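Enquirer: I'd like to go over a predicted model; first the sequence, then the structure.
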Amino acid sequence: MAYQVLARKWRPSNFTQLVGQEHVSQSLIHALQHDRLHHAYLFTGTRGVGKTTVARILAKAINCENLQDSNPCGVCPVCRDFEQGRFMDLIEVDAASRTKVEDTRDLLDNAQYAPNQGRYKVYLIDEVHMLSGHSFNALLKTLEEPPPHVKFLLATTDPHKIPVTVLSRCLQFNLKRLLPDQIEKQMGYILAQEQIGFEPAAIKLLARAADGSMRDGLSLLDQAIVYGSGSVNLADVSGMLGAVAQQPIDDILQALAAQDGRRVLDTIAEVAELTPDFADILQQILRVLHRVALRQQLPDFVDHEFDPQLLANLAKALLPEDVQLFYQIGLIGQRDLDLAPDPRSGFEMVMLRMLTFRPQSSETETPSAAKPASFQQPEPAVAPRPSVPQTAAPAHTPQVAMPAASNDLTLSPPPVAERSAEPGSWSDIIAALKIGGRTRELANNCVLDGMDDNVCRLLIDPGFQRVGTIAEEKLREALQKYYGKPLKLQITPQISQQMTPALEIQKAREDRQQAAVDAINADPNVQALKENFDARIMPGSIEPLN
């Protein structure tokens, strides 16, 4: 008999054999147990996670004559015909090759007829998102109200291309990417059953290279068996995948911790002679940094994949902020690696960034305190602060002056006249009135024109939309309570040369913002980034600290 690849030979034939998709298999098993089967199922997920496999198992289960714990028995005529590809009531279609509306109509013309062998006629449409718009329209009516003997099982890697009218008629299951540990465990089981020798580190490397796809992992396993002449060992798998041993990775990380740029570049030059996959090396570095971060936060953390002594040494040599910075630089570098002139130069630049941007530590100052210092410069650099006391600090002036003098002196005209004549005094009064909402908005958009014993005269910009008489009444009551005597409020629409408190607040905010921008632009670290790396400050990304 011809050789059958592992991905086909070990394809699950029941729900129990499925790996990593328990949330799907459990739902389908319960549906079979309680006879609550939907007429249309949609299975989504990335390649190689089991969409078509789950659909085939479900198609076999709903037609099986003797279910065993909601699993197909595998021995009845229906199960045997399924496994041999002779079950007439399973119509399996590849939508990528039959996209025309005529194909869909021909397919559905036979849906009205009863099944030949099983209880249900099953339409399994793979890569259903490839159907044309007219094909989806032809499918809609039958999909919504199919005959009682018809079930639709749809599978796709791109559900976003399926019309919502179709999605709403299906029960959707999203199959998850498999974890490396799940793929590794399945590989070990298969190799043991096949009686093929292997090294655990080799299948661990293959499981990571599978990138969440069991089918891709088993295909790589087939390739590794051939490459290793009937066995799976770490050296052969590393050579096949272009991976490097762990020791160069450890050397690079230790050189980074020691800030030894020469040693980093020398190690990269040695690794380059092996024609490695630099993207894979960067991935391994990120994985080690992840374990180091865990070790720093959880000192009792145990990891059997990497050398515990290495993790302990790196956890002591690197500050937590260094680890986080290196990890972020590595993630961004991994994304941009394909844009580099060549993989080696791109990888070297990532390592140099880690060395260049590492915060400078000293005996009295930690890197975590050193780095934000450049961003705290806006605090002392905010020179235009004189406008702020006009809106905030003087708010306490009336409260300080009142206890120092009698009520008669506080309510006498001279202090009122002094406040009305003093620039910005209307802002002081507003702060002391303790008003808010629309009332404060009204007051902030007025200027004080004058005040005597009976009347408080305000000027308001004619372009300001009045906020209503209720706000004016509340402002009048607040003024009467503040001065302790009845006052009339007279608001006149008129353009004034004085700045309203609202404009003063806006100007103060703009001054603080400009001061923060100037401080960042003048920062030597920022200037170095601009000169050496052609960096630029994103508009709108700078805000004053307070």
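Expert: That came through, no problem. Numbers count the residues shown, from 1 in each chain.
Enquirer: in this structure, which segments are predicted with low confidence?
Expert: 1, 242-245, 304, 359-424, 465-468, 546 (pLDDT under 70).
Enquirer: which residues in it form strands?
Expert: 40-44, 90-94, 121-126, 150-156, 171-174, 446-451, 455-460, 488-493 (DSSP state E).
Enquirer: how about the ones you listed in TSV, adding distance to residue 500 and mean neighbour count?
Expert: All C-beta spots, glycine's among them, are computed from the backbone N, C-alpha and C. What follows is the strands of the chain, written out as TSV (distance: least, Cβ to Cβ, whole Å; neighbours: other Cβ atoms under 10 Å):
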stretch	distance to residue 500	mean neighbour count
strand 40-44	59	23
strand 90-94	72	17
strand 121-126	68	23
strand 150-156	61	24
strand 171-174	57	15
strand 446-451	6	20
strand 455-460	8	19
strand 488-493	13	14
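Enquirer: how much space between the residue nearest to residue 486 when sequence neighbours are not counted and residue 532?
Expert: In space, and not counting its chain neighbours, residue 486 is closest to residue 480: 5.9 Å by Cβ to Cβ, 6 or more residues apart in numbering. In this view, residue 480 and residue 532 are 65 Å apart by Cβ to Cβ, to the nearest Å.
Enquirer: which of the two has more neighbours?
Expert: Each of residue 480 and residue 532 has its neighbours counted (other Cβ atoms under 10 Å); residue 480 has more, 15 against 9.
Enquirer: From what I see, that one and residue 488 are in contact.
Expert: No - look at residue 480 against residue 488 with Cβ atoms under 8 Å: they stay out of range, at 9.5 Å.
Enquirer: which of the residues in stretch 529-539 are buried?
Expert: residue 529 (16 or more other Cβ atoms under 10 Å).
Enquirer: Just the endpoints, please. Distance across it?
Expert: One end of stretch 529-539 sits 16 Å from the other (Cα to Cα, to the nearest Å).
Enquirer: neighbouring contacts of it?
Expert: The contact list for stretch 529-539 (Cβ atoms under 8 Å, 6 or more residues apart in numbering) reads 520-521, 526.
Enquirer: could you flag which of these are buried?
Expert: Using 16+ other Cβ under 10 Å, the buried ones in the contacts of stretch 529-539 are 520, 526.
Enquirer: tell me which of the contacts of stretch 529-539 is nearest to residue 248?
Expert: residue 526 (34.7 Å; Cβ to Cβ).
Enquirer: Distance-wise, check the nearest residue to that closest one once chain neighbours are set aside relative to residue 332.
Expert: Excluding its sequence neighbours, the residue lying closest to residue 526 (Cβ to Cβ, 6+ apart) is residue 520, at 5.8 Å. Computed as Cβ to Cβ, the residue 520 to residue 332 distance reads 21 Å.
Enquirer: Out of the contacts of stretch 529-539, name the ones that lie in helices.
Expert: Among the contacts of stretch 529-539, the ones falling in helices (DSSP state H) are 520-521, 526.
Enquirer: Which single one of the residues you listed is nearest to residue 349?
Expert: For the ones in helices among the contacts of stretch 529-539, the nearest to residue 349 is residue 526 (19.9 Å; Cβ to Cβ).
Enquirer: mind checking the end-to-end distance for stretch 30-39?
Expert: Counting by Cα to Cα, you get 15 Å between the two ends of stretch 30-39.
Enquirer: Contacts for that stretch next, please.
Expert: 61-62, 67, 70, 146, 150-152, 170-171.
Enquirer: and if you look at stretch 261-274?
Expert: Against stretch 261-274 from outside (Cβ under 8 Å, 6+ apart): 244, 248, 251-252, 255-256, 281, 344, 347-348, 351-352, 355.
Enquirer: now these in JSON lines, with distance to residue 32 and neighbour count?
Expert: JSON lines is the format used below for these (distance: Cβ to Cβ, whole Å; neighbours: other Cβ atoms under 10 Å):
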{"residue": "244", "distance to residue 32": "49", "neighbour count": "21"}
{"residue": "248", "distance to residue 32": "52", "neighbour count": "17"}
{"residue": "251", "distance to residue 32": "55", "neighbour count": "17"}
{"residue": "252", "distance to residue 32": "53", "neighbour count": "23"}
{"residue": "255", "distance to residue 32": "58", "neighbour count": "20"}
{"residue": "256", "distance to residue 32": "55", "neighbour count": "23"}
{"residue": "281", "distance to residue 32": "47", "neighbour count": "21"}
{"residue": "344", "distance to residue 32": "55", "neighbour count": "16"}
{"residue": "347", "distance to residue 32": "51", "neighbour count": "24"}
{"residue": "348", "distance to residue 32": "57", "neighbour count": "18"}
{"residue": "351", "distance to residue 32": "55", "neighbour count": "23"}
{"residue": "352", "distance to residue 32": "59", "neighbour count": "14"}
{"residue": "355", "distance to residue 32": "59", "neighbour count": "15"}
